[in-house]
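**Q** Quick check, what structure comes out for this input:
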Amino acid sequence: MKREEKISTIDGLYICTFQPDPAGGYSVRCPAFPGLITSGNDLEEARAMAREALQLCVEVYQDKGWNLPPSDADPREMVKELIPVKLARI
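**A** Sure, this is the predicted structure:
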């Protein structure tokens, strides 16, 4: 007899930073998971790698019984931009 088990899921949103590398591609970090560092040859690949790394971090936290970092705010409500400014040389 086959047993069916429902698995409930929730969506988590975590902000990641994508920094262009001088040699090409992007490096990715996630402040919610300080040890998460990944990269991709282009922005699309970097996003996919970030998603995979986040999934792995969540699995590790759950396996170890650690509390997951709280999900970040809905990104549609948050705007982050780099604003260039001129700095005086001292």
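
**Q** from here on, contacts and neighbour counts on C-alpha atoms
**A** Fine.

**Q** Do a quick rundown of the helices in the protein.
**A** When secondary structure is read from DSSP state H, the chain shows helices at 43-64.

**Q** low-scoring pLDDT stretches of it, where are they?
**A** Residues of the chain that meet the criterion pLDDT under 70 lie in 1-3, 5-10, 74-84, 88, 90.

**Q** repeat that with 90
**A** Under the criterion pLDDT under 90, the flagged ranges of the chain are 1-13, 15, 70-90.

**Q** could you pull out the strands for it?
**A** Using DSSP state E, the strands of the chain run over 17-20, 26-29, 37-40.

**Q** contacting residues around the residue nearest to Y14 when sequence neighbours are not counted?
**A** Take Y14 and drop its neighbours on the chain: the residue closest to it by CA to CA, 6 or more residues apart in numbering is D72, 5.2 Å away. Listed by CA atoms under 8 Å, 6 or more residues apart in numbering, the contact set of D72 reads G12, L13, Y14, I15.
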